[in-house]
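Engineer: missing the sequence, but the structure's below:
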């Protein structure tokens, strides 16, 4: 009976590094572990708001989930676009690419658009909104913006 319990315990121990969950003990200050993970994949920390509560990352697949505790509005540089982050947003991160984004929207041309992916291309970031892309210097995202106003439930 002890042998199966040992095998299960040992297997879980081996799998823990593949899937990690990180609370942010310094919520509201940068850089959090989630911000550090961005830089490890070639992105500036300013792509995430500073108000992260927790995040999870599957190190094998790159799937991630970020929890803010409530909806978050920020103003994105350089053109001062209003963006909203759902209280939980998800995606997949690999070196130089964030894909399958869900839960981040930006207001442009009097309409809300979902950002579906971001690529790091040299000194620039390429934002994907469906089939349309927009390119901005990555230096515009060197600082993590705080959520504006009071956060509310989604």
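Structural biologist: That came through, no problem. Small disclaimer: the values here were computed from a predicted structure and weren't measured.
Engineer: list the buried ones in stretch 123-133?
Structural biologist: Within stretch 123-133, the residues scored as buried using 16 or more other C-beta atoms under 10 Å are 125, 127, 128. The C-beta positions use only the backbone N, C-alpha and C, and glycine is treated the same way.
Engineer: the nearest residue to the last one once chain neighbours are set aside: neighbour count?
Structural biologist: Think residue 128. Residue nearest to residue 128 in three dimensions, not counting chain neighbours: residue 117, with 3.9 Å by C-beta to C-beta, 6 or more residues apart in numbering. If you count neighbours by other C-beta atoms under 10 Å, residue 117 ends up with 17.
Engineer: quick check, residue 145 in a helix?
Structural biologist: No: counting by DSSP: H, G, I helix; E, B strand; the rest coil, residue 145 is not part of a helix but coil.
Engineer: this structure: strands as residue ranges?
Structural biologist: Along the chain, counting by DSSP state E, strands occupy 19-23, 54-58, 63-67, 72-76, 81-94, 97-108, 111-114, 117-121, 124-129, 132-137.
Engineer: relative to the last one, what are the paired strands and their orientations?
Structural biologist: This points to strand 132-137. Paired with strand 132-137 in the same sheet, following DSSP bridges, are strand 124-129 (antiparallel).
Engineer: the partner strand to strand 72-76, inter-axis angle?
Structural biologist: 130 degrees (axes from the mean of the first three to the mean of the last three C-alpha atoms, to 10 degrees).
Engineer: neighbouring contacts of strand 124-129?
Structural biologist: Applying C-beta atoms under 8 Å, 6 or more residues apart in numbering, the contact partners of strand 124-129 are 43-44, 47, 106, 113-119, 133-138, 141.
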